[in-house]
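Trainee: Generate coordinates for the sequence data below:
(2 chains)
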Amino acid sequence: MSLLDREVPGVVMTPDNIRSRTLPVAVNLGIAVGAFVVAAAIVLGAGIGNWVLVVVLGAVFYLVGLNVVAGRIEGRRAARNRAMKALIYSACVLAILPLASVVWTLVSKGVARLDGNFFGTSMNNIGARDPEGGAYHAIIGTLEQVGIATLMSVPLGVLGAIYLVEYGRGKFAGTVRFFVDVMTGIPSIVAGLFILSFWVLIVSPWFNDGQPRFSGFAAALALAVLMLPTIVRSTEEMLRLVPGPLREGSYALGVPQWKTILSVVLPTALPGIVTGVMLAVARAAGETAPVLLVAGGAAAINFDPFAGNQQSLSLFVYQQAGDASRYAPDRAWTAALTLVALVLILTVAAKLLARRNKLSR
Amino acid sequence: MAKRIEASNVSSYYGSFKAIDSVSMTVEPKTITALIGPSGCGKSTFLRSINRMHEVLPNARIEGSLTIDDQNIYDPDVDVTAVRRMIGMVFQRPNPFPTMSIYENAVAGLKLNGVKKKSILDEAAEKSLRSANLWDEVKDRLDRPGAGLSGGQQQRLCIARTIAVEPQVVLMDEPCSALDPISTLAIEDLMFKLKDRFTIIIVTHNMQQAARVSDKTGFFSIDKTGDPGRLIEYDDTQKIFSNPAQKKTEDYITGRFG
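Mentor: Coordinates of the predicted model:
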């Protein structure tokens, strides 16, 4: 008799115990039906809630009932396995539920104004009684601001991460890494205030006859401040995942370090870097506070990011949601839907682009 | 092409830890030299010192002098990338570049060092893949990823990649330890073929392999963990395996130690 058999009877495989009975699907379904019937009887009979409580209570009854019945039929270990599996699946469903709910709310409420007028016009000369009006100016603003912010923060962030991983040694690198970590937690309103006091109030007067001026570029600067630490951190993690032997293999061919980084390390880490960048872009596209502070928001179309107020989609949502007009909430929902769709399209496009360079398997 | 390597009193350090203690040996051109010894005795460290790969690791440094045809490669004004172009290296685990195809892997050393002409690259790819006994197996799928090959093929691809830049010395760090006997045999055959053109130094744990392929053998050992590794004996392979001068060598080879 082995030690395992003595200590934990029944776990060692013998010809007699390698087979076990499995719970029939019909029984499984029966437990489910029974659980929900009981739950409905309790909840509705006592009048303590509506169908939501029935579902929650039913699920709990089902898990308990399944565990008990499976324990009888299949044995303790198999029943525990079943219970754990059921818990994991329920956790997954619970996690997806709010996501699906958000998407459903956005689509169902946003579809009301999903028309050509919305995407083709601004809010210029739209009064509280006008049902028209759109987010054209806001889409332009978001694309320009996020685009410029990405152009600034991606090269800086990726180069910074390369420094930290490939070159950085000692105190200076440690300090940089510490401040990047601190910056990751910066509230967006602080980034907005920083750009307001630094760019809008001090620098922009130089270009505008001494008058401070809001601009989309200032918003882009604030967004870049927010994106930078995210990009540095995610790129750093991805570069660290590139195995050292790949670098050594390249060095052993007499390839200089910069070329190794450019041609071996970066391409290997590219898909992960793109994911990190897109997370940063998505966050920047959804920021409202900095845009409100330094770009001011606008009702009219302004293509020039360097001069004058600009709108952005998230700011548009914020303003329309608080507007007194009875047509405003519909515009807010459609703009929110547009923003989510925009980020989704950008993410998918970026992933496809990053994969195109990969070899087909 | 092939060059003579002379190491005199080479000591390598990882930070304050001394990994090998004043190793001196001379490797003649167009020979195969095997380095054997128990794990942790500094064979690989010494091998990595020969193409200045040791210093890639943080805080690693080296003392003593290493000359290739009377040029000290550790002189301060020596360009380390030029040294590595001259002294290629094959690693223990196959490490083809995952984003590159078989073709691109084979000519990676040329391409990344600036060779652009397609005709030259094509020719070099075929020549190196043929030299590595891999051409017939991959000639129809040169555009497939290099990481999709089997372990033995990947290792031969790495050898092809190394010899494509036409180095004068090829260092091999246990190139067969992750391979099956058939792939091992293929690589040993390959080493005999390459001997006409290159000086080869190979680190191996397989004593039969050392006896089969090498002209000269160096035996490294340590007294106890934490001590630096030393070169105990360096002589003709025939002599080392039949009549070693040192008791320690004999013990190791006959399996009484290490």
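
Trainee: what's the offset of stretch B:76-93 from the middle of its chain?
Mentor: 11 Å (CA atoms, centre = their mean, to the nearest Å).

Trainee: contacts for the helix or strand harbouring B:Ser128?
Mentor: According to DSSP states H and E, B:Ser128 maps onto helix B:118-131. The contact list for helix B:118-131 (CB atoms under 8 Å, 6 or more residues apart in numbering or on different chains) reads B:102-103, B:106-107, B:110-111, B:115, B:135, B:138-139, B:142, B:157, B:160-161, B:163-164, B:190, B:193-194. In this view, the C-beta of every residue, glycine as well, is placed from N, C-alpha and C.

Trainee: Go ahead and build a PyMOL selection from the buried members of these.
Mentor: Selecting only the buried entries of these in PyMOL, with 16 or more other CB atoms under 10 Å in any protein chain shown as the criterion:
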select buried, chain B and resi 102+103+106+107+110+111+135+138+142+157+160+161+163+164+190+194
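
Trainee: and chain A, which of the contacts of helix B:118-131 contact it?
Mentor: Taking CB under 8 Å from any CB of the partner chain, the overlap between the contacts of helix B:118-131 and the neighbourhood of chain A is B:Arg161.

Trainee: In strands only, show me the contacts of helix B:118-131.
Mentor: Taking DSSP state E, every one of those sits outside strands.

Trainee: list the buried ones in the helix holding B:Ser128?
Mentor: Buried-residue list, helix B:118-131, by 16+ other CB under 10 Å: B:Leu121, B:Ala124, B:Ala125, B:Glu126, B:Lys127, B:Ser128, B:Leu129, B:Ser131.

Trainee: Check stretch B:77-87 too.
Mentor: Buried residues in stretch B:77-87, counted by 16+ other CB under 10 Å: B:Val80, B:Thr81, B:Val83, B:Arg84, B:Arg85, B:Met86, B:Ile87.

Trainee: and those near chain A, which?
Mentor: Applying CB under 8 Å from any CB to the buried residues of stretch B:77-87, those adjacent to chain A are B:Thr81, B:Val83, B:Arg84, B:Arg85, B:Met86.

Trainee: Just the CA trace of the helix or strand where the first one lies, in CSV.
Mentor: Using DSSP H and E, B:Thr81 maps to helix B:80-86. Output in CSV follows, covering the C-alpha atoms of helix B:80-86 (Å, rounded to 0.1, in the frame of the first residue of the first chain):
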residue,chain,number,x,y,z
VAL,B,80,33.3,44.8,-30.6
THR,B,81,30.9,44.3,-33.5
ALA,B,82,33.9,43.7,-35.9
VAL,B,83,35.2,41.1,-33.5
ARG,B,84,31.8,39.3,-33.4
ARG,B,85,31.6,39.4,-37.2
MET,B,86,34.9,37.6,-37.3
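
Trainee: So what's the model's average confidence on that helix?
Mentor: Average pLDDT, helix B:80-86: 90.

Trainee: Show me what the next helix or strand after it pairs with in its sheet, parallel or antiparallel.
Mentor: As assigned by DSSP H and E, the chain's next helix or strand after helix B:80-86 is strand B:87-90. Neighbouring strands of strand B:87-90 in its sheet, by DSSP bridges, are strand B:169-173 (parallel).

Trainee: got the CA positions of the strand it pairs with in CSV?
Mentor: This file holds the C-alpha atoms of strand B:169-173, laid out as CSV (Å, rounded to 0.1, in the frame of the first residue of the first chain):
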residue,chain,number,x,y,z
VAL,B,169,36.1,31.2,-36.0
VAL,B,170,32.9,29.5,-35.0
LEU,B,171,32.1,29.0,-31.4
MET,B,172,29.6,26.4,-30.4
ASP,B,173,28.1,26.3,-26.9
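
Trainee: Any figure for the gap between B:Phe17 and chain A?
Mentor: According to CB to the nearest CB, to the nearest Å, B:Phe17 stands 18 Å off from chain A.

Trainee: Let's test this: what are the backbone torsions at that residue?
Mentor: Dihedral angles of B:Phe17 (phi, psi; degrees, to the nearest 10) stand at phi -80, psi 130.

Trainee: In this structure B:Phe198 contacts B:Val165, no?
Mentor: No: applying CB atoms under 8 Å as the test, B:Phe198 and B:Val165 come out as separate, 11.5 Å apart.

Trainee: who's in contact with the single nearest residue of the stretch 251-361 of chain A relative to chain B?
Mentor: Nearest residue of the stretch 251-361 of chain A to chain B: A:Gly254, at 2.9 Å (CB to the nearest CB). Residues in contact with A:Gly254 (CB under 8 Å, 6+ apart) are B:Thr81, B:Ala82, B:Val83, B:Arg84, B:Arg85, B:Met86, B:Gly109, B:Asn113, B:Val165.

Trainee: how does it look with 7 Å?
Mentor: B:Thr81, B:Ala82, B:Arg84, B:Arg85, B:Gly109, B:Asn113, B:Val165 (CB atoms under 7 Å, 6 or more residues apart in numbering or on different chains).

Trainee: Check A:Ala173 too.
Mentor: Neighbouring residues of A:Ala173 by CB under 7 Å, 6+ apart: A:Leu164.

Trainee: helix, strand or coil for B:Glu63?
Mentor: Following DSSP: H, G, I helix; E, B strand; the rest coil, B:Glu63 is assigned to strand.

Trainee: neighbours of B:Gly15, just the number please.
Mentor: 10 (other CB atoms under 10 Å in any protein chain shown).

Trainee: May I see the domains of chain A written out as residue ranges?
Mentor: A:16-112, A:118-356 (automatic domain parsing).

Trainee: Show me which residues of the stretch 101-250 of chain B are close to chain A?
Mentor: Proximity of the stretch 101-250 of chain B to chain A, by CB under 7 Å from any CB of the partner chain, involves residues B:Ser101, B:Ala108, B:Gly109, B:Leu112, B:Asn113, B:Pro145, B:Gly148, B:Arg161, B:Val165.

Trainee: Identify the residue nearest B:Phe241 in space, chain neighbours excluded?
Mentor: If the residues on either side of it in the chain are set aside, B:Phe241 comes closest to B:Ala211, at 5.1 Å by CB to CB, 6 or more residues apart in numbering or on different chains.

Trainee: A:Ala332 too?
Mentor: Distances taken as CB to CB, 6+ apart put A:Gln320 closest to A:Ala332, at 3.8 Å, once the chain neighbours are dropped.

Trainee: picking that back up, helix or strand: which one has the residue nearest to B:Phe241?
Mentor: helix B:207-213.

Trainee: Report the mean per-residue pLDDT for stretch A:14-29.
Mentor: 78.

Trainee: which ones are touching the residue most central in space within chain A?
Mentor: Centroid-nearest residue in chain A: A:Leu279, 5.9 Å away (criterion: CA atoms, centre = their mean). Neighbouring residues of A:Leu279 by CB under 7 Å, 6+ apart: A:Thr230, A:Ser234.

Trainee: how close does it sit to A:Ile231?
Mentor: When distance is defined by CB to CB, to the nearest Å, A:Leu279 is 9 Å away from A:Ile231.

Trainee: ditto for B:Asn51
Mentor: Going from B:Asn51 to A:Ile231 by CB to CB gives 36 Å.

Trainee: A:Met238 now?
Mentor: Distance from A:Met238 to A:Ile231, by CB to CB: 11 Å.

Trainee: just A:Gln145 next, same as before
Mentor: Using CB to CB, A:Gln145 is found at 16 Å from A:Ile231.
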